[in-house]
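# Build me a model from this:
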Amino acid sequence: MPEPQPPEPHVSGGQRAPEDGAIAATGLDGTMDLATTEGETLEKRLGDPAGGDPADKARSLWSDAWRDLRRNPVFIISSLVILFLVVISLWPSLIASGNPLKCDLSKAQEGAQPGHPFGYDGQGCDVYTRTVYGARISIAVGVCATLGVALLGSVLGGLAGFFGGFSDSILSRITDVFFAIPVVLGGLVLLSVVTSNSIWPVIGFMVLLGWPQISRIARGSVITAKQNDYVQAARALGASNSRMLLRHITPNAVAPVIVVATIALGTYIALEATLSYLGVGLKPPSVSWGIDISAASPYIRNAPHALLWPSGALAITVLAFIMLGDAVRDALDPKLR
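Residues are numbered from 1 along each chain as shown. As a prediction, this is how the structure comes out:
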């Protein structure tokens, strides 16, 4: 005797009730479009695997670094100080209306006065005006030397690390020779025979002795980057050496170079002041913090203000660039995050 079948559920509109596993009836006509619901769900999953807003963009190393830098108070403070220094180096007359080369011997070694908050040096020159105008040469030397060192060192080190072999060995031995030369001693020897009073001999000396450090950093970064799978895949697909260097290796190997160059910028500013203090860098009538420190040293007991203000400006500038380099390093190095 056949078993009795359960009665089919009644659905309005003459439609058949959904079977097991189907979407429950809903809506005005008592049904739901299963295909539309699945399509919307699939689109949402494909748009954002995490279930968030599909309009969100994928985050990269640089976007993460910029996000961390904006939240880092060290980066904000150092950036504001550097921005102020750059502005006064480009337009020093905004905050100093005097002439840094105009001196009055009758006011030599005098202290602060109205309109002259830093007093006068041993030659009767306004210390405030010379301190403001001294930022121009220091920033110019630091920026130009850093750009030259970063460009030359990155190119030589990157090519040696990518191709390897004999060229890499030769470059390594050359860098060892330059690393053995003391910087200050090399400046005393090389710049003592230069009669030009421009900043270019000083910049050229810094590039000559500074590129090996960047070269070694760039070489190591390129060697690490070229071993990644995406570079090997590009090589297997027939990509040329120039394409692999410019499109695949350089964007992933430039971060350490940026960090070292940022920190080195402050070092080059201090090196220029050191060479000018020793008398082999810039010479009068150029306006430089190193020249002013050297000129004020004999009068440190009678006029300490003439030494403290340019020394303080130099220390703050170097510290700002070193702090900026540390913040950039922390943001770009994933191991430190």
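# Residue 230 - how many residues pack around it?
Neighbours of residue 230 under the rule other C-beta atoms under 10 Å: 12. (C-beta placed from N, C-alpha, C; glycine too.)
# Name the residues of the helix or strand containing residue 321 that come out as buried.
According to DSSP states H and E, residue 321 maps onto helix 305-332. Within helix 305-332, the residues that qualify as buried are 305-307, 309-311, 313-314, 317-318, 320-332, counting by 16 or more other C-beta atoms under 10 Å.
# Stretch 199-219 now?
Here stretch 199-219 shows 199, 201-219 as buried, counting by 16+ other C-beta under 10 Å.
# mind listing the helices for the stretch 201-337 of the chain?
For the stretch 201-337 of the chain, helices defined by DSSP state H, counting those that start in this stretch occupy the ranges 229-236, 241-243, 250-253, 255-278, 289-296, 305-332.
# quick one: average confidence on stretch 277-292?
Stretch 277-292 carries an average pLDDT of 90.
# so where's the stretch 1-150 of the chain uncertain?
1-59, 61 (pLDDT under 70).
# how does it look with 50?
Along the stretch 1-150 of the chain, segments meeting pLDDT under 50 span 1, 9-56.
# Any stretches of the stretch 151-300 of the chain with poor pLDDT?
For the stretch 151-300 of the chain (pLDDT under 50), the answer is none.
# What are the buried residues along the longest helix along the chain?
Counting residues, the longest helix in the chain under DSSP state H turns out to be helix 127-163. For helix 127-163, the neighbour count (16+ other C-beta under 10 Å) marks 127-146, 148-150, 152-154, 156-162 as buried.
# now the angle between helix 255-278 and it, please.
Angle between the axes of helix 127-163 and helix 255-278 is 140 degrees (criterion: axes from the mean of the first three to the mean of the last three C-alpha atoms, to 10 degrees).
# going forward, begin numbering at 22 instead of 1
Sounds good: first residue 22 from here, last item helix 148-184.
# Determine how far helix 148-184 lies from the middle of the whole chain.
In terms of C-alpha atoms, centre = their mean, to the nearest Å, the centre of helix 148-184 is set 12 Å apart from its chain centre.
# still on that earlier bit, so which of the helices of the stretch 222-358 of the chain gets nearest residue 93?
helix 326-353 (5.1 Å; C-beta to C-beta).
# and the closest one, what's its mean pLDDT?
Here helix 326-353 scores 92 as its mean pLDDT.
# Show me what that helix is packed against.
helix 82-91, helix 94-111, helix 148-184, helix 276-299, helix 310-317 (3 or more C-beta pairs under 8 Å, 6 or more residues apart in numbering; DSSP states H and E).
# how far out from the middle of the chain is the last one?
The offset between the C-alpha centroid of helix 310-317 and the centroid of the whole chain comes to 29 Å, using C-alpha atoms, centre = their mean.
# so what does that helix touch, helix or strand wise?
Helix 310-317 packs on helix 148-184, helix 276-299, helix 326-353, going by 3+ C-beta pairs under 8 Å, 6+ apart.
# now the first one
In terms of contacts (3+ C-beta pairs under 8 Å, 6+ apart), helix 82-91 is packed against helix 326-353.
# Return the angle between stretch directions for the helix it packs on and helix 94-111.
Using the same axes, to 10 degrees: helix 326-353 against helix 94-111 is 130 degrees.
# relative to helix 310-317, how tilted is helix 326-353?
150 degrees.
# can you state the direction angle for helix 326-353 and helix 82-91?
140 degrees.
# For residue 122, which of the helices and strands packed on helix 326-353 is the nearest?
helix 148-184 (8.8 Å).
# mind listing what the nearest residue to residue 297 once chain neighbours are set aside touches?
Excluding its sequence neighbours, the residue lying closest to residue 297 (C-beta to C-beta, 6 or more residues apart in numbering) is residue 311, at 2.9 Å. Residue 311 makes contacts with 293, 294, 295, 296, 297, 298, 302, 303, 335, as judged by C-beta atoms under 8 Å, 6 or more residues apart in numbering.
# ditto for residue 307
Residue 307 neighbours (C-beta under 8 Å, 6+ apart): 158, 218.
# swap in residue 347?
95, 284 are the contacts of residue 347 under C-beta under 8 Å, 6+ apart.
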